[in-house]
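Q: Here is my input, please return the structure:
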Amino acid sequence: MLFARGLALLFLAGIFACVAAYLITGNRRFVGWAVLLVKLALAAGLLFFAVLTLERLAI
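A: Residues are numbered from 1 along each chain as shown. This is a model prediction of the structure:
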């Protein structure tokens, strides 16, 4: 659980940094990176909850 929280914080920090970099520079490349990080964070979250669900069903 601690690993998942740390990973979530890293994703949030990365997304925040990309959005801040876009607002400072105006370079659209950072928006693409932020969108990619959001997609990866959603995939990681879905995988985490799928593992939790399978663990619950196995017991």
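
Q: Please make it C-alpha for all contacts and neighbour counts, starting now.
A: Noted.

Q: buried ones in stretch 28-47?
A: 30, 31, 33, 34, 37, 38, 41, 44 (16 or more other Cα atoms under 10 Å).

Q: Output the longest helix belonging to the chain.
A: Ranked by residue count under DSSP state H, the longest helix found in the chain is helix 29-58.

Q: Run the chain-centre distance for that helix.
A: Between the centre of helix 29-58 and the centre of its chain there are 7 Å (Cα atoms, centre = their mean, to the nearest Å).

Q: mean confidence for it?
A: When pLDDT is averaged along helix 29-58, the result is 95.

Q: Let's have the buried residues of stretch 28-47 in CSV, adding distance to residue 16.
A: Formatted as CSV, these follow (distance: Cα to Cα, whole Å):
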residue, distance to residue 16
30, 10
31, 11
33, 11
34, 8
37, 10
38, 11
41, 13
44, 18
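
Q: Just give me the closest of those to residue 52.
A: Checking the buried residues of stretch 28-47 against residue 52 by Cα to Cα gives residue 44 as the nearest, at 12.4 Å.

Q: neighbours of residue 12, just the number please.
A: 16 (other Cα atoms under 10 Å).

Q: May I see the buried residues of the helix or strand where it lies?
A: Here residue 12, judged by DSSP states H and E, is contained in helix 2-25. If you call a residue buried by 16+ other Cα under 10 Å, then helix 2-25 has these buried ones: 8, 11, 12, 14, 15, 18, 19, 21, 22.
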